[in-house]
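> I need the structure of the sequence given here:
(one chain, ligands or ions: 4)
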Amino acid sequence: MKKYFNKFISLSVLVIVLLSACNLGVTPPSDEEVVSDSPVELSTALPPTESVQHVMIPGELPTNKSGILGDHDSSTTSNENRAPSGDRFTFGRYERPFNSEAMDIYFPYLDIQLAEFAMDDTWMYATIAVKGNELSSQSLVGKYGFEIDLNVNGSGDYLIMVLQPSSTEWTTNNVQVWFDENGDIGGEVKVVADDVPAQGNGYETQIFGNGQEDDPDLAWARISPTDPNSVQMAVKLSLLAGDTSFMVGMWAGTDDLDAKLFDINDMFTHEQAGSSLKEFEFFYPVKEVSELDNTCRMAIGFQPTGNEPGGCPVPVPGDDSPPPPGQSCPPPSILYCTANGCFCLYPQG
Ligand SMILES: [Ca+2]
Ligand SMILES: [Ca+2]
Ligand SMILES: [Ca+2]
Ligand SMILES: [Ca+2]
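Ligands and ions are numbered 1, 2, ... in the order given. This is a model prediction of the structure:
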């Protein structure tokens, strides 16, 4: 039913666009423009009609967040050509905002510092704040996105991505939504690297950003008007088809952040991918998987136990992780806020 409704809306928009185009066609030229009165020339001078008529545009983000999550700051150890922690290929966790092999170039615009998720009646909003460049302002020339695991089984269902956001106005330009229609993401063992690299096709179905979407208003992105190092994405809640409890993990990267390469740790071996941690001496440095950062997945709409596949750990009852003073945690711990409050997560293992 919803599908037909969307089709109806799309058709209506098309009709409106066509009508607008017709109106343009019969608008009398202004006095200065009377060069030719040939109707043939007038019709060939029509502007292209492929620009999309948007009906719904996101506004400001809700102040109430459904989840807040810190991520490791690789700038603290970048002069040693390594990440401080948070890079565990086997478990699908990445902290490698560095170039391949030498790891002597650190990309602050790929280093996630804080991720936030929020919802209102119409939209879900994901915010990714990356490391600021202390020497100069920087362009966010990476890809930024988030994965949604609807049934909390560790296998991502949707990937929303924006490529090189450059505007502080909401735009659908360079925004993509991908779906894993055949459900093969995660391979044999969800989240965890498979023993034998899988031959899956990742998020193979693009449902937005290819010019053939049912809903031209489904997904948007902008750079935060108040923070040049924050990317904001807004996607209609209708994508979730009524689901209210799910997992969300955030990503930043370049070539290796590719819808078809999910899960990345099933497409490469650990040897091929390398590691950004010198403690993993057999795998250091990063090799075929580089210029990449992600977060653990935060629980949205429910209180996590910490056992959700790919989910962020949570303190066990009785654990006295101190509540973060003023929403910041002492390194190397990171902040995690769920429906039940905030705590500091310390690196495990
Ligand atoms: Ca990370
Ligand atoms: Ca990071
Ligand atoms: Ca797997
Ligand atoms: Ca697939």
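> Give me the nearest residue to the residue nearest to the spatial centre of the chain, chain neighbours excluded.
Nearest to the mean C-alpha position of the chain, by C-alpha atoms, centre = their mean, lies residue 145 at 1.1 Å. Closest residue in space to residue 145, ignoring its immediate chain neighbours: residue 161 at 3.5 Å, by C-beta to C-beta, 6 or more residues apart in numbering. C-beta here means a position set from N, CA and C on the backbone, and glycine is covered the same way.
> Make sure I have this right: that neighbour is in a strand.
Yes: counting by DSSP: H, G, I helix; E, B strand; the rest coil, one finds residue 161 located in a strand.
> gap between it and residue 203?
For residue 161, the distance to residue 203 equals 9 Å [C-beta to C-beta, to the nearest Å].
> before we move on, what about residue 254?
17 Å.
> what about the two, which has more around it?
In this view residue 254 and residue 203 are compared by other C-beta atoms under 10 Å, and residue 203 has more residues nearby, 25 against 19.
> Mind checking what helix or strand follows whichever strand or helix holds residue 117 in sequence?
Under the criterion DSSP states H and E, the helix or strand holding residue 117 is strand 112-119. Next helix or strand after strand 112-119 toward the C-terminus (DSSP H and E): strand 123-130.
> In terms of helix, strand or coil, where does residue 187 fall?
coil.
> How about the contacts made by the residue in the stretch 1-150 of the chain that ligand 1 sits nearest to?
As assessed by C-beta to the ion, ligand 1 sits closest to residue 95 within the stretch 1-150 of the chain, at 3.9 Å. Residues in contact with residue 95 (C-beta atoms under 8 Å, 6 or more residues apart in numbering) are 71-72, 74, 83-87, 276, 293.
> The residues you listed: which ones sit near ligand 1?
When contact is defined as C-beta under 5 Å from the ion, the contacts of residue 95 meet ligand 1 at 71, 86, 293.
> can you tell me how far the second one sits from ligand 2?
Distance, residue 86 to ligand 2, by C-beta to the ion, to the nearest Å: 6 Å.
> can I assume that residue is in contact with residue 346?
No: with contact defined as C-beta atoms under 8 Å, residue 86 does not count as touching residue 346 (11.3 Å).
> more neighbours, those two?
The residue with more neighbours, out of residue 86 and residue 346, is residue 86; 23 against 15, by other C-beta under 10 Å.
> pLDDT at that one, what is it?
Residue 86 carries a pLDDT value of 94.
> Sounds good, over and out.
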